[in-house]
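Chemist: the sequence and its predicted three-dimensional model are supplied below.
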Amino acid sequence: MIVVMGATGATGNALLHRLLALGAPVRALTRTPHRPLPGMTGAHQPPVEVRYADAADPRSLRTAFEGADQLFLAMANGPAQVELETRVIDTATRAGIGHIVKISAPATEPDSPVAVSRGHHAVEEHLRASGPTHTILRPYAFMQNLLRLAPTVARGVILGTTGDAPCNHIDCRDIGDVAAAALTRPDIAGGTYVLTGPEAVTYSELAARLTVLTGNHIHYVNLTRDEMREDLIRRAHMPTWLADHVTEIQQLAVTRPETPTGTVAEILGRPPRTLDAFLREHRAHFRPHGAEDRGTAQ
């Protein structure tokens, strides 16, 4: 039995669908088991076992892990992440789970300039010392997070602090497919994999592509780190820790130039999804409210 923790998140839900398509025994964990899982409301969807679990509730974890032998661990970044993921790993180990696939992050060193990555490093070290076979996935920025740019894109602007530095992005569905491979293929289990899409692009390039896609002129405005952080807190109403995280990972792209890896293609036997395909799929999200969608500009 494979337990998917984070089954309502973009990556966990993509993994869940892939495992069901493969016919693998799977159990979805969620803090809201009374709500339908994303994409699971269609009449032709296969049934899936759903259980309540909360990383802050050890009793719920013990119940959720009963009879399972593998765990997919993905949690939202946050100040308590190290404490919560460590608890999940300890509970899973005591429950007899023998393989844990963890979603981590790039630049996971003890002295990483990104606080969240330092936390992932601590969790990875704890996982290595805990005993179970472990597979570490280190994806770069999720393409799905680009949808959060929609409010400013609708006004013709993308804000950032990366300058001319290219950034890696990856579709969460590709991460889910790689995780499924790690959970169903012994040749993949036990490794550490850095995951990206097929290209790294600058925010200026992203603005140009969205201009063509939407027919509206969009330009990139480069801010200082302090200006970016202040804008995220004031305009986007982000908590301070998250605004710090966004600015830190954007600055990381400046200090450590990002280039794509071939890992997704090597594991899946197909190229990863492209940024252009993702943008076309979600074109309506980037158009001004009420604007008519006449299709992709040529």
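Modeler: Good, I have the coordinates.
Chemist: packing partners of the helix or strand where residue 116 lies?
Modeler: Element membership for residue 116 (DSSP states H and E) is helix 115-130. In terms of contacts (3 or more Cβ pairs under 8 Å, 6 or more residues apart in numbering; DSSP states H and E), helix 115-130 is packed against helix 81-94, strand 99-103, strand 133-139, helix 240-255. In this view, the C-beta of every residue, glycine as well, is placed from N, C-alpha and C.
Chemist: including distance to residue 6, mean pLDDT and mean neighbour count, could these go into CSV?
Modeler: Below are the helices and strands packed on helix 115-130 laid out as CSV (distance: least, Cβ to Cβ, whole Å; pLDDT from 0 to 100; neighbours: other Cβ atoms under 10 Å):
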stretch, distance to residue 6, mean pLDDT, mean neighbour count
helix 81-94, 10, 95, 19
strand 99-103, 8, 97, 23
strand 133-139, 12, 97, 21
helix 240-255, 18, 94, 18
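Chemist: and the helices in the stretch 101-250 of the chain?
Modeler: Here the stretch 101-250 of the chain has its helices, by DSSP state H, counting those that start in this stretch, at 115-130, 150-153, 172-184, 203-214, 225-234, 240-255.
Chemist: so which of the helices and strands packed on helix 115-130 is nearest residue 69?
Modeler: Nearest to residue 69 among those is strand 99-103; the distance by Cβ to Cβ comes to 7.0 Å.
Chemist: pull that closest one out as CSV, backbone CA atoms only.
Modeler: These are the backbone C-alpha positions of strand 99-103, laid out as CSV (Å, rounded to 0.1, in the frame of the first residue of the first chain):
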residue,chain,number,x,y,z
HIS,A,99,10.3,3.4,1.6
ILE,A,100,9.7,7.2,1.8
VAL,A,101,9.7,9.5,-1.2
LYS,A,102,10.2,13.1,0.0
ILE,A,103,9.7,16.3,-2.0
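Chemist: what pairs with it, parallel or antiparallel?
Modeler: Using DSSP bridges, the strands paired with strand 99-103 in its sheet are strand 70-73 (parallel), strand 133-139 (parallel).
Chemist: turn those strands into a markdown table, including distance to residue 266.
Modeler: Putting the strands paired with strand 99-103 into a markdown table (distance: least, Cβ to Cβ, whole Å) gives the following:
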| stretch | distance to residue 266 |
| --- | --- |
| strand 70-73 | 20 |
| strand 133-139 | 14 |
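Chemist: what is the neighbour count of residue 53?
Modeler: Neighbour count for residue 53, taken as other Cβ atoms under 10 Å: 25.
Chemist: distance-wise, check it relative to residue 245.
Modeler: 25 Å (Cβ to Cβ, to the nearest Å).
Chemist: related to what we said a few turns ago, out of the helices of the stretch 101-250 of the chain, deepest packed?
Modeler: Among the helices of the stretch 101-250 of the chain, helix 172-184 has the highest mean neighbour count (mean count of other Cβ atoms under 10 Å), at a mean of 24.
Chemist: what sits up against it?
Modeler: The contact list for helix 172-184, computed with Cβ atoms under 8 Å, 6 or more residues apart in numbering, reads 2, 10-19, 22, 24, 70, 72, 99, 101, 103, 135, 137, 139, 142-144, 188-189, 191, 193, 195, 197, 263-264, 267-268, 272-273.
Chemist: before I go, just wanted to say thanks for your time.
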